[in-house]
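Trainee: Take this sequence and fold it.
(chains A and B)
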Amino acid sequence: MRPEILLLPILIPFASGVLALFTSRKYRGMVALIAAAMNLALACFLFKANVIFTAPWAGFGFEFILRAYQFSGFIIGAAACFAILITLYCTVFLKEKAFSNQFYAYLLISIAMLNGAVLADNLVAMLFFWEGMLLTLFGLIAIGRPGAFKTATKAFVIVGICDLCMMAGIALSGHLAGTLTISKISLDITGLGGLAFILLMIGAISKAGSMPFHSWIPDAALDAPLPFMAIFPGALEKLIGIYFLTRISLDMFKLDPHSWVSMVMMIVGSLTIVLAVSMALIQKDYKRLLSYHAISQVGYMILGIGTLVPAGIIGGLFHMLNNAIYKSCLFLTGGAVEKETGTTDLKKLGGLWKKMPVTFACFAVAAVSISGVPPFNGFFSKELVYDGALERGMIFYIAALLGSFLTAASFLKLGHAAYLGKISKENERAKEAPIQMLLPMIVIASFCIIFGLWNTLPIQKLIQPILGERLEGHNYGGFPTNMMLVIATVAVLLAALINHIFGVKKSGSGLGAVDHIHHAPVLSGIYDKAEKRLFDPYAIGLKIVDVVSKIAWSVDRGIDWVYNVFFVDAAFAVSNGIRSLHNGSYAAYLAWSLAGAGLVIIFLMR
Amino acid sequence: MILLSAIFVPVIGSFILPVIGKISERARNGLALCFVLVSLVGSSLLIPSVLAGNAVTFSRALPVGFNMVFTADSLAVFMAICSSLVGAVIVLFSFGYISHYENRNEYYLMVVLFLGAMMGIIFSANLICMFLFWEITAIASWRLIGFFRGKNDVLKADKAFLVTVFGALVMLLGFVLIAQQAGSFDLSVIKETFKASPVPDIAVLLILIGILTKSATLPFHTWLPDAGVAPSPVTALLHAAVLVKIGVYVFARLFIVTFTFSQMWHVIVPWIAASSALVSAGAALIDTDLKRIIAYSTVSQIAFIFLGLAIGGPLGVAGAMLYILMHGIAKGGLFLCAGIIEQNTHTKDITKMGGLVATMPVTAVAFLFCAFSVMGIPPFGGFFSKYMVMSSVFTSGQMALALTFLVGAFLTILYMFRLFNMIFMGDAQGAPAKEGSRVMVVSVAILGALSLLGGLYIIYPSNYVQIAVKQMLGM
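Mentor: Coordinates of the predicted model:
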């Protein structure tokens, strides 16, 4: 295999993206679909490849190195599968939209950037592609509904600032390691190494959408075109963010489970799980509810990898794959509902299962998967994460379990409110979505079952080779061995079901099933504040920036005052002073002259 | 010969422009562009010989003991290409922009003279020569800033003139101090004298004041935002391509190529730059005048260039050189876009704009491309320069400094987006403004495209810079 072939997964999607931008509305979808198919074929071809491509670049150790191996092949393959399915979905969903050329272009260029970032084996080359995804992120959100540019800016600023942190981390680790080639770096986390790790970690988890870098995602859920949510926060960003987190945790830094960075990751992960899912619970919009889950699920991955024990890492990676599967499926069902009913407001939905049985079935499969019901795929990855978390500390396990309870509760609420109950008058004429939209949903949903029933397949073929010797011969596929964990999980799921029935009885509707939690004392106050964005790190950050810039402004004005007022006044004062000496008095001038002459004489005499 | 023509064709040629202008507007415009292109082509032709390590030198003794020496080495040629490239696009843009104002003859005279004097500074290898050209730029910029002749315009022009000339005179004292020790104003003699020891701190301080006033760095920066009263191509010339880069260039020429300064300046200069970066970035977030915001952004970005140069080391110097190129292109583009916007909306207040993307799409995209380059987002050119400069700070081990500049880079993203959103997004206000004239739109599109190509084909400028840095640092 010639190494130049590694350029193709970058060049082909990029070129076709540019082409799609200038294609007429009729053929755009076709161009994008062909490009996505070519990308998938390439990804399959490269799947088992092990090649390195090197080219000189900007000098100073910035070499353009691409490396295909097990892990990168896996990520690229997964991304390519999602890309083609979502593109197929878009050919119908975006058919009427004038901006579809931009959507396809940005999507394909993102794929090119993602492929580049995953293949790159030089930190600067990786950053080049990684940060390049900012542009398409901005574009994809900005083409949404009017006013979406504000959310796009928010996303750009948050992710951009985190990328700058990553840039700093890369500069620092390149300096410490003496090389920028990823596969040659091996650093300790003592001293500056720890700072470098944290900076790189910020870049990785912010891409994945973890707290506290999450707050653009729920806003984008409402503003951006829906397929964006399915492919970006749903799938691609998780894949690439967790990919890089794994690379730095396993390859670039010498970490062990007792290091403080492990604790940092687990705390970030646990907090993300619990806080985000609590927000998801009270949402009254289909897409916004899902977007909070897109944040919450990242917590499981970070928690799993942060444990730094093999079970946790495998669980985290498997969860990354599973989450991408069911989360994109859930967003796609949301899109189908939106297309057929014109709304995603849960108050206006209900009873859709009769009208859209296939969509409902796909939703149901994905929802039980995300809730971790056996034997669907989410169950197995969550069990592995629990296993790892329990090994590191009870508190993390409890947090993860609490997250599971709330996840199940919120999906019971969502499913009940959208698909069960009575159908509203406006939706009487809703019908099933067209086949191009159903097909991706069905394919993705079936993977929820396949990766559940035959979980040894992905775990042994895709994920365990990434860890290699760390496994020490263990095999984590198959049904969980620790029955206590399984029993606890089932008990929690049953509790969620009971909670739901209780809530429905109390409030009288599926939508109000969790109102007793929402309006509980203490909680309701916190929820109100959160809904008003008082806890949004972006809003808080902007306030700080405002204060800082006002201080800077006053410093600037102060300096300007020196030029505009002080120097002018000083000049006038001096000249007035000198002028007043020239008062026309002959005696005074004579005195000045004599004094001057005296000074000269003293100077000469000395 | 090529070297002399690159300098003196625009300097001398500028004076015949008004005469030609009396006869034909078109001929004058074309000739003005030609003169600038002579500089561009001339300096480009010097590339092969300087890369081979042969500096091109011209010297002639003048009466009263002075001599005139011009040298083209890799740094000078790089800087000359940057300035004349952006300068040429700016002159092209002026065809459209300036065509309905008075005093056009004077405008072209001053612009071309200005660019010629810039070439003179770049190639001078004699401190007195350098100072002469330095002052010519001061005079030209004084006329150009006050071009509209309003009371306020003239006031701001005087301010710029007084501040920069004050700095230049202080710098001249520094030059004299150095020449006293070396016995000559010739840079090659000075280089030999100070080979072993750093130059006296007092001379460094004096020269630094001159450099900081010209490059508009805290606390001498406020004349630059005020100079926004000038016609937009002039502000582009002042802020992006030429005037502010003079200081940076002379810094590199003297303190890196010619002699070294003592260790403490490696700490002091970056911290001056850091405070400059933060204060001006903060001010850019508050101000509401389109051109003033971009001007503050210039102050802030110049600080990054100083940072790279003052930290030293191959990576820092290379980053700074690339920064000069990328920032010149991108910032020039931003100012020219501002010119289109200001001319068609008849206001400079960004709170009175909005939704312009609908009516001026090309300008909007060019603006966005240039803004991305300034922010340092790949695949735009600014990414590499920003990364190299930041990386060199981390390598030097000054963590507090690195984090301060990181904050500066955050703020860059914020103020650029604030600007873009206020101008191009949101609801349209007032009558819809139309796109600029064709030649203006083409000019900004060229600069926007160059910002992108500078990143995609980074290999060419960076190859040049790598060799240049080796020669400069004598490695």
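
Trainee: from chain A, which residue is nearest to chain B?
Mentor: Sorted by distance to chain B under C-beta to the nearest C-beta, the residues of chain A start with A:A552, at 2.3 Å. In this view, the C-beta of every residue, glycine as well, is placed from N, C-alpha and C.

Trainee: Roughly how far does that residue sit from A:G421?
Mentor: For A:A552, the distance to A:G421 under the criterion C-beta to C-beta, to the nearest Å works out to 55 Å.

Trainee: Over to B:T359?
Mentor: Counting by C-beta to C-beta, the separation of B:T359 from A:G421 is 48 Å.

Trainee: For stretch B:454-462, buried residues please.
Mentor: For stretch B:454-462, the buried set under the neighbour-count rule, 16 or more other C-beta atoms under 10 Å in any protein chain shown, comprises B:454-455, B:458, B:461-462.

Trainee: picking up where we left off before, looking at A:A552 and A:G421, which has the bigger crowd around it?
Mentor: Neighbours around A:A552 and A:G421, counted as other C-beta atoms under 10 Å in any protein chain shown, are more numerous at A:A552. The numbers are 22 against 17.

Trainee: Now do A:G169, the pLDDT please.
Mentor: In this prediction, A:G169 carries a pLDDT score of 88.

Trainee: cool, and A:S593?
Mentor: With respect to pLDDT, A:S593 scores 90.

Trainee: Check B:G430 too.
Mentor: The model's pLDDT for B:G430 equals 69.

Trainee: Give me the distance between the helix or strand encompassing A:A155 and the centre of its chain.
Mentor: For A:A155, the host element (DSSP states H and E) is helix A:148-177. The chain centroid and the centroid of helix A:148-177 are separated by 12 Å, computed with C-alpha atoms, centre = their mean, to the nearest Å.

Trainee: buried residues in the helix or strand following that helix?
Mentor: Tracing the chain past helix A:148-177, the next element assigned as helix or strand by DSSP H and E is helix A:192-208. Burial within helix A:192-208, assessed by neighbour count using 16+ other C-beta under 10 Å, is assigned to A:192-197, A:199-208.

Trainee: and after helix A:192-208, which helix or strand comes next?
Mentor: Scanning forward in sequence from helix A:192-208 by DSSP H and E, the next helix or strand is helix A:216-223.

Trainee: Which strands and helices lie in contact with that following helix?
Mentor: helix A:148-177, helix A:226-231, helix A:286-307 (3 or more C-beta pairs under 8 Å, 6 or more residues apart in numbering or on different chains; DSSP states H and E).

Trainee: Of those helices, flag the one that's most buried.
Mentor: The highest average neighbour count among the helices and strands packed on helix A:216-223, using mean count of other C-beta atoms under 10 Å in any protein chain shown, belongs to helix A:286-307 at a mean of 29.

Trainee: Could you check how far that one is from the centre of its chain?
Mentor: Between the mean C-alpha point of helix A:286-307 and the mean C-alpha point of its chain there is a distance of 10 Å (C-alpha atoms, centre = their mean).

Trainee: Repeat that for stretch A:80-93.
Mentor: Here the centre of mass of C-alpha atoms in stretch A:80-93, compared against the chain's by C-alpha atoms, centre = their mean, lies 20 Å away.

Trainee: Residues in contact with that stretch: which ones?
Mentor: Contacts with stretch A:80-93, where a contact means C-beta atoms under 8 Å, 6 or more residues apart in numbering or on different chains, come from A:29-30, A:32-33, A:36-37, A:39-40, A:42-44, A:100, A:103-104, A:107, A:111, A:226-227, A:230-231, A:235-236, A:324, A:328, A:332, A:335, A:339, A:433-434, A:436-437, A:439-441, A:443-444.

Trainee: tell me the mean pLDDT over that stretch?
Mentor: 82.

Trainee: In it, which residues are buried?
Mentor: Neighbour-count burial for stretch A:80-93, with 16+ other C-beta under 10 Å as criterion, is recorded at A:80-93.

Trainee: so the top helix by length along chain A versus helix A:216-223, what angle?
Mentor: For chain A, the helix that runs over the most residues, judged by DSSP state H, is helix A:310-341. Here helix A:310-341 runs at an angle of 20 degrees relative to helix A:216-223 (axes from the mean of the first three to the mean of the last three C-alpha atoms, to 10 degrees).

Trainee: tell me what helix A:310-341 is packed against?
Mentor: Under the contact rule (3+ C-beta pairs under 8 Å, 6+ apart), helix A:310-341 is packed against helix A:70-93, helix A:226-231, helix A:237-246, helix A:286-307, helix A:357-371, helix A:377-392, helix A:435-453, helix A:464-467.

Trainee: could I have the fourth one exported to PDB, CA atoms only?
Mentor: Coordinates of the C-alpha atoms in helix A:286-307 are reproduced here as PDB (Å, rounded to 0.1, in the frame of the first residue of the first chain):
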ATOM      1  CA  TYR A 286     -37.700  17.000  22.200                       C
ATOM      2  CA  LYS A 287     -34.400  18.200  20.800                       C
ATOM      3  CA  ARG A 288     -33.400  20.200  23.800                       C
ATOM      4  CA  LEU A 289     -34.000  17.200  26.100                       C
ATOM      5  CA  LEU A 290     -31.800  15.100  23.800                       C
ATOM      6  CA  SER A 291     -29.100  17.700  23.700                       C
ATOM      7  CA  TYR A 292     -28.600  17.500  27.500                       C
ATOM      8  CA  HIS A 293     -28.300  13.800  27.200                       C
ATOM      9  CA  ALA A 294     -25.600  14.300  24.600                       C
ATOM     10  CA  ILE A 295     -23.700  16.100  27.300                       C
ATOM     11  CA  SER A 296     -24.500  13.800  30.100                       C
ATOM     12  CA  GLN A 297     -23.400  10.700  28.300                       C
ATOM     13  CA  VAL A 298     -19.900  12.200  27.700                       C
ATOM     14  CA  GLY A 299     -19.600  12.000  31.500                       C
ATOM     15  CA  TYR A 300     -19.700   8.200  31.400                       C
ATOM     16  CA  MET A 301     -17.000   8.100  28.800                       C
ATOM     17  CA  ILE A 302     -14.700  10.500  30.700                       C
ATOM     18  CA  LEU A 303     -15.500   8.700  34.000                       C
ATOM     19  CA  GLY A 304     -14.700   5.400  32.300                       C
ATOM     20  CA  ILE A 305     -11.400   6.500  30.800                       C
ATOM     21  CA  GLY A 306     -10.500   8.500  33.900                       C
ATOM     22  CA  THR A 307     -10.600   5.400  36.100                       C
END
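
Trainee: what does the average pLDDT come to for that helix?
Mentor: If you average the per-residue pLDDT over helix A:286-307, you get 86.

Trainee: how many degrees apart are that helix and helix A:310-341 in direction?
Mentor: Using the same axes, to 10 degrees, helix A:286-307 lies at 170 degrees relative to helix A:310-341.

Trainee: what do you get for the fifth one?
Mentor: Counting by the same axes, to 10 degrees, helix A:357-371 lies at 150 degrees to helix A:310-341.

Trainee: Can you name the residues in contact with the helix or strand hosting B:G21?
Mentor: Here B:G21 is covered by helix B:17-23, with elements defined by DSSP H and E. Outside helix B:17-23, the residues within contact range by C-beta under 8 Å, 6+ apart are B:27-28, B:31-32, B:104-106, B:108-109, B:112.

Trainee: List the residues that contact residue 45.
Mentor: Went with chain A since none was named. Here A:F45 is in contact with A:I5 (criterion: C-beta under 8 Å, 6+ apart).

Trainee: wrong chain, I was asking about chain B
Mentor: Applying C-beta under 8 Å, 6+ apart to B:L45 gives the contacts B:I2.
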